[in-house]
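S.K.: structure for this input, please:
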Amino acid sequence: MASRAVLPQNQLKGEVKQKNVLADGRGRRVLQDIGNFVTERAPQGKKSITEVVNAAVGKEKSKVIDKPKKPESVIVISSDDESDESKPVNRKISRKEPNKSFTSVLTARSKAACGLINKPKDLISDIDVTDIDNELAVVEYVDDIYKFYKLTEDEGRVHDYMDAQPEINAKMRSILVDWLTEVHRKFELMPETLYLTVHIVDRFLSKETIQRKELQLVGISAMLIACKYEEIWAPEVNDFVRISDSAYLREQVLAAEKAILRKLEWHLTVPTPYVFLVRYIKASVTSDKEMENMVFFLAELGQMQYPTIVLYCPSMIAASAVYAARCTLNKNPFWTETLKHHTGYSEDQLRNCAKLLVKFHSAAAESKLKAVYKKFSSLDCGAVSLLKPAKSLLS
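M.R.: Down below sits the predicted model:
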């Protein structure tokens, strides 16, 4: 606040005297504003009001300093005067718990619901910890999504249908898938497209009887549908006509496409082996590019063979491919608690399917159907098909 001007002492005494007379003659003395600075010293032997107030404040401070306090949950960082360490400390900060993000809370709840937190930490690895800040990874829901995939995979699964096809057999189907693998690589399509193409072919053949000359038409029409579903830039109908040596007209391809979609009731959102492969490779934890290529090599060998598709569901084919790949590359242990948790399969449950995949691997070099073998013998796929098959599973 603004301080008032200090009047000369003789003028001040005159005013005081005049005011005392007006106040019934009572002996009063004007108390100056203690906020003002005193320009003149008080008479000797007497203390000014400012000195009295300062002395009183000093006593109160000494009492506060001498009085012991209960320890508080605070962290002292410095005092008011950094040069004097003996002075009392005033600046303090409170200890607070770090705020947890909404994503981490949902992730913890999801893992608790799955029973993951009840397992020892050294046995099960958190494979989604690096993606916790990646919105596209949806780590809050990924476990529930794959539970739903496993519950619904049997709805689109095909069973033995060759007995209902009088003009085609399992060998013809393998030849078709081998050729579709070459077309898939020629067009440089996404891996999801190949798995969905094979799935559409098998589901359609399980519902509709066809002639032998129509088998290739079903294959290119199924790939056309899969490309429209998975690809950003799908090949045109004329591209499929040319790559089949113009064995079919454009109108025939479009008619076959409509027939397939009607028979499948436009139900194309299904968990193929590829859906599980991506998750199970991630659960392998120590996976690298060689491991990934080996898994896809074995999985594509499996889907080319009719017995694999009929006997085993997509999730088991994917898990068996990971298990067989770890055995082939000598990844010890061959099966971990993390893989068992995320796949839902034990090592014993996968052994038969894995043996079948390894047998396909051992026979791939001598087989007449070499599309998958050649694909994975190239350098861009790590030449994994040239590696020796897993002896532990062949014995």
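S.K.: tell me the confidence at Met190?
M.R.: Per-residue confidence (pLDDT) for Met190: 95.
S.K.: typo on my end, Asp154
M.R.: 87.
S.K.: do the same with Val138
M.R.: At Val138 the predicted local confidence, pLDDT, stands at 83.
S.K.: which residues in the stretch 101-250 of the chain form helices?
M.R.: In the stretch 101-250 of the chain, the segments counted as helices under DSSP state H, counting those that start in this stretch are 102-114, 142-152, 170-186, 191-205, 215-230, 237-243, 250-263.
S.K.: as JSON lines, the ones you listed with mean neighbour count and distance to Leu387 would be great.
M.R.: Heads up, the C-betas are built off the backbone N, CA and C, glycines and all. As requested, these are arranged in JSON lines below (neighbours: other C-beta atoms under 10 Å; distance: least, C-beta to C-beta, whole Å):
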{"stretch": "helix 102-114", "mean neighbour count": "14", "distance to Leu387": "35"}
{"stretch": "helix 142-152", "mean neighbour count": "15", "distance to Leu387": "29"}
{"stretch": "helix 170-186", "mean neighbour count": "18", "distance to Leu387": "20"}
{"stretch": "helix 191-205", "mean neighbour count": "23", "distance to Leu387": "20"}
{"stretch": "helix 215-230", "mean neighbour count": "22", "distance to Leu387": "29"}
{"stretch": "helix 237-243", "mean neighbour count": "16", "distance to Leu387": "31"}
{"stretch": "helix 250-263", "mean neighbour count": "15", "distance to Leu387": "37"}
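S.K.: and the ones you listed: which comes nearest Glu337?
M.R.: Proximity to Glu337, assessed across these by C-beta to C-beta, is greatest for helix 102-114 (13.6 Å).
S.K.: what residues are up against Glu182?
M.R.: Counting by C-beta atoms under 8 Å, 6 or more residues apart in numbering, Glu182 makes contact with Ala371.
S.K.: just to revisit the earlier point, the helices of the stretch 101-250 of the chain: which one's closest to Lys282?
M.R.: helix 142-152 (9.7 Å).
S.K.: who are the packing partners of the closest one?
M.R.: Here helix 142-152 touches helix 102-114, helix 273-283, going by 3 or more C-beta pairs under 8 Å, 6 or more residues apart in numbering; DSSP states H and E.
S.K.: mean pLDDT lowest for which of these?
M.R.: When the helices and strands packed on helix 142-152 are ranked by mean pLDDT, helix 102-114 comes last with a mean of 62.
S.K.: walk me through the domains of this structure.
M.R.: Here the domain assignment for the chain is 106-152, 162-263, 273-394, based on automatic domain parsing.
S.K.: where along the stretch 251-395 of the chain do the strands fall?
M.R.: When assigned using DSSP state E, counting those that start in this stretch, the stretch 251-395 of the chain turns out to have no strands.
S.K.: do a quick rundown of the helices in it.
M.R.: According to DSSP H, counting those that start in this stretch, the helices that the stretch 251-395 of the chain contains are 273-283, 289-304, 306-311, 314-328, 337-343, 347-364, 371-375, 391-394.
S.K.: out of those helices, which is the most enclosed?
M.R.: Stretch with highest mean neighbour count among those: helix 314-328 (a mean of 28; mean count of other C-beta atoms under 10 Å).
S.K.: quick one, it and helix 347-364 angle?
M.R.: 70 degrees (axes from the mean of the first three to the mean of the last three C-alpha atoms, to 10 degrees).
S.K.: quick one: list the elements packing against helix 314-328.
M.R.: Other helices and strands packing on helix 314-328, by 3+ C-beta pairs under 8 Å, 6+ apart, are helix 273-283, helix 289-304, helix 337-343, helix 347-364, helix 391-394.
S.K.: between that helix and helix 273-283, how many degrees?
M.R.: Compare the direction of helix 314-328 with that of helix 273-283 by the same axes, to 10 degrees and you get 40 degrees.
S.K.: convert helix 314-328 to PDB, retaining C-alpha atoms only.
M.R.: Extracted C-alpha coordinates of helix 314-328, given in PDB (Å, rounded to 0.1, in the frame of the first residue of the first chain):
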ATOM      1  CA  PRO A 314      -6.700 -72.600 -38.900                       C
ATOM      2  CA  SER A 315      -5.400 -71.800 -35.400                       C
ATOM      3  CA  MET A 316      -3.800 -75.300 -35.000                       C
ATOM      4  CA  ILE A 317      -2.200 -75.100 -38.400                       C
ATOM      5  CA  ALA A 318      -0.700 -71.700 -37.500                       C
ATOM      6  CA  ALA A 319       0.500 -72.900 -34.100                       C
ATOM      7  CA  SER A 320       2.000 -76.100 -35.600                       C
ATOM      8  CA  ALA A 321       3.800 -74.000 -38.200                       C
ATOM      9  CA  VAL A 322       5.400 -71.900 -35.400                       C
ATOM     10  CA  TYR A 323       6.300 -75.100 -33.400                       C
ATOM     11  CA  ALA A 324       7.800 -76.800 -36.500                       C
ATOM     12  CA  ALA A 325       9.700 -73.700 -37.400                       C
ATOM     13  CA  ARG A 326      11.300 -73.500 -33.900                       C
ATOM     14  CA  CYS A 327      12.200 -77.100 -34.100                       C
ATOM     15  CA  THR A 328      13.800 -76.600 -37.600                       C
END
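S.K.: the inter-axis angle of that helix versus helix 191-205?
M.R.: Following the same axes, to 10 degrees, one obtains 130 degrees for the angle between helix 314-328 and helix 191-205.
S.K.: could you tell me the least trusted of the domains of the chain?
M.R.: Set side by side, the domains of the chain differ in mean pLDDT, and domain 106-152 is lowest with a mean of 75.
S.K.: relative to Asn169, how far out is Ile175?
M.R.: For Ile175, the distance to Asn169 equals 10 Å [C-beta to C-beta, to the nearest Å].
S.K.: no no, Arg185
M.R.: In this structure, Arg185 lies at 25 Å from Asn169, with C-beta to C-beta as the measure.
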